[in-house]
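Novice: Any chance you can model this:
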Amino acid sequence: MGRQAVGRPVRDRAAPGRAVGITGLAVASAFGRGMAALEAGVFAGVPAFAPVTRFGVGKYRIGVAAELPGAGSLLDELVAVTEEACAAAEVRRAEAGRAGVGRGGTPLLVGLHREPGLARLPRWGRQPADSSAGLAVALAEKCGLAGAPRAYTTACVSASTALIDAASMIVTGRADRVVVAAGSLVTEDDFAMFDAGRALAADGVVRPFSAGRKGLLLGDGVAAAVLEADPDRPLATLAGWGRAGDGYHVCQPHPDGTGMARAIATALDRAGLGPAELGYVNAHGTGTPHNDAAEAAALHRALGPHAARIPVSSTKALHGHVLEASGLLELAVTVAALRAGRLPVNAGHLGPDCDLDLVLAPRGTDARHALSLNAAFGGANTALVVTA
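Specialist: Have a look, this model is predicted:
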């Protein structure tokens, strides 16, 4: 199949006036805690990778990652960002003169990295607190959110899938406000797995969509967002979303990008936008040979001739691949870019390899609409349209 735009799917029916606004946003990454630290880091364009200090790396091929300075436990970091995001949303509501909404009735959806050592426990010895579900329950309890939270462990689309489900709950009237959180801290288990699979960049640099790219590098990422129905003066709006699977290979995307293209087309349709209205793409862009080529193909397939002129960058080259938290941390970067009118660079570039308008130097923008893309092993693909 050639590089033509795919057909537009039928848009889901939404309740009138149920726009999905982002009213609270908080993050922690290798650049530090808070949105200000993340913005300073990604707009400076200097990668946060450094020698790993959390565990010994002498037996591995590569010894760098992007670690959050002074990181606590995953639960502690999730509590901190969730409290910050909820507090920010509550202040925004008060400033707009809107009645407060109690946290106790607010659903929590959490994209989670598995706890180290969990897989080694015998099934009959596992306790709820040791599981991803148990961690989600503990987070809800500590932050005063509704019980029975959902835990998502669907690899690198965990957070973006949680965001999509939260948005669906809002537009269909099943919830007025939803909190989405996600977190992943670099563990030796994962470091060893990616190293053994030769997925880590041997030269210690992530080079998305570049000639000579050699792989990904891991990073810490923890984030939380509050999504509300039709809020006043939101930080941004989650205007559209899509997800699709291709089932091509257990750990390789379909080379034609068919699943990702369908997700993009669905997201644009839900947003009521055409490709010409997009001003930026925050790509999944892992810096691996198969992923980047397939994602570039997907962009051309979904966006047609517009794909070559829409600015694209992958911020994984700066903050690392944060696995299950990728969709939420990269949503935060996309919101920051639109609000600041600045596009983060596609770091590590050596030479052209994909026919895209890569952001290779600091660039301003007046774009109002952007795409944030994620993909995962097993052929899962998600696309989010952000409007600010």
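Novice: Show me where the stretch 1-150 of the chain has its helices.
Specialist: Using DSSP state H, counting those that start in this stretch, the helices of the stretch 1-150 of the chain run over 35-44, 74-95, 132-143.
Novice: For residue 304, which of the ones you listed is the nearest?
Specialist: helix 35-44 (28.7 Å; Cβ to Cβ). The C-beta positions use only the backbone N, C-alpha and C, and glycine is treated the same way.
Novice: and the closest one, C-alpha only, in CSV?
Specialist: Output of helix 35-44 as CSV, limited to C-alpha atoms (Å, rounded to 0.1, in the frame of the first residue of the first chain):
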residue,chain,number,x,y,z
MET,A,35,6.5,21.4,35.3
ALA,A,36,8.9,24.3,35.4
ALA,A,37,11.9,21.8,35.7
LEU,A,38,10.5,19.7,32.8
GLU,A,39,10.0,22.8,30.6
ALA,A,40,13.5,24.1,31.4
GLY,A,41,15.0,20.8,30.5
VAL,A,42,13.2,20.0,27.3
PHE,A,43,13.4,23.5,25.9
ALA,A,44,17.1,23.7,26.7
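Novice: got the contact list for residue 75?
Specialist: The contact partners of residue 75, by Cβ atoms under 8 Å, 6 or more residues apart in numbering, come to 135, 138, 139, 142.
Novice: Need the buried ones from those residues selected in PyMOL.
Specialist: In PyMOL, a selection of the buried entries from the contacts of residue 75 looks like this (16 or more other Cβ atoms under 10 Å):
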select buried, resi 135+138+139
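Novice: distance of residue 104 from residue 179?
Specialist: Using Cβ to Cβ, to the nearest Å, residue 104 is found at 12 Å from residue 179.
Novice: the more surrounded of these two?
Specialist: Neighbours were counted for residue 104 and for residue 179 using other Cβ atoms under 10 Å; residue 179 has more, 27 against 10.
Novice: need the strands for the stretch 201-350 of the chain, in chain order.
Specialist: In the stretch 201-350 of the chain, the segments counted as strands under DSSP state E, counting those that start in this stretch are 221-229, 236-245, 280-282, 311-313, 342-343.
Novice: for the second one, packing partners?
Specialist: Under the contact criterion of 3 or more Cβ pairs under 8 Å, 6 or more residues apart in numbering; DSSP states H and E, strand 236-245 touches strand 20-29, helix 158-171, helix 258-271, helix 326-340, strand 380-387.
Novice: Go through the ones you listed and name the closest to residue 233.
Specialist: Between those, strand 20-29 lies closest to residue 233; by Cβ to Cβ that is 8.5 Å.
Novice: Starting from that closest one, tell me which strands it pairs with and how they run.
Specialist: In the sheet, strand 20-29 lines up against strand 32-33 (antiparallel), strand 221-229 (antiparallel), strand 236-245 (antiparallel) (DSSP bridges).
Novice: Quick check: residue 89 vs residue 299, distance?
Specialist: 33 Å.
Novice: If you could redo that for residue 31, that was the one I meant.
Specialist: When residue 31 is compared with residue 299 (using Cβ to Cβ), they lie 27 Å apart.
Novice: Assign a three-state SS to residue 182, would you?
Specialist: strand (DSSP: H, G, I helix; E, B strand; the rest coil).
Novice: Of residue 31 and residue 299, give the one with the bigger neighbour count.
Specialist: Shown here are residue 31 and residue 299; by other Cβ under 10 Å, residue 299 has more neighbours (28 against 24).
Novice: Return the distance of the residue nearest to the more buried one when sequence neighbours are not counted relative to residue 295.
Specialist: With Cβ to Cβ, 6 or more residues apart in numbering as the criterion, residue 299 has its nearest non-adjacent residue at 4.5 Å, and that residue is residue 307. Computed as Cβ to Cβ, the residue 307 to residue 295 distance reads 11 Å.
Novice: Residue 261 too?
Specialist: 10 Å.
Novice: just to revisit the earlier point, need the pLDDT of the residue nearest to residue 299.
Specialist: Reading off the confidence values, residue 307 has pLDDT 97.
Novice: for residue 244, same thing?
Specialist: 95.
Novice: can you check residue 225 too?
Specialist: 98.
Novice: again, but for residue 363
Specialist: Reported pLDDT for residue 363: 95.
Novice: what bridges to it?
Specialist: Bridge pairing for residue 363 - DSSP bridges - gives residue 343.
Novice: show me the contacts for it.
Specialist: Contacts of residue 363 by Cβ under 8 Å, 6+ apart are 311, 342, 343, 345.
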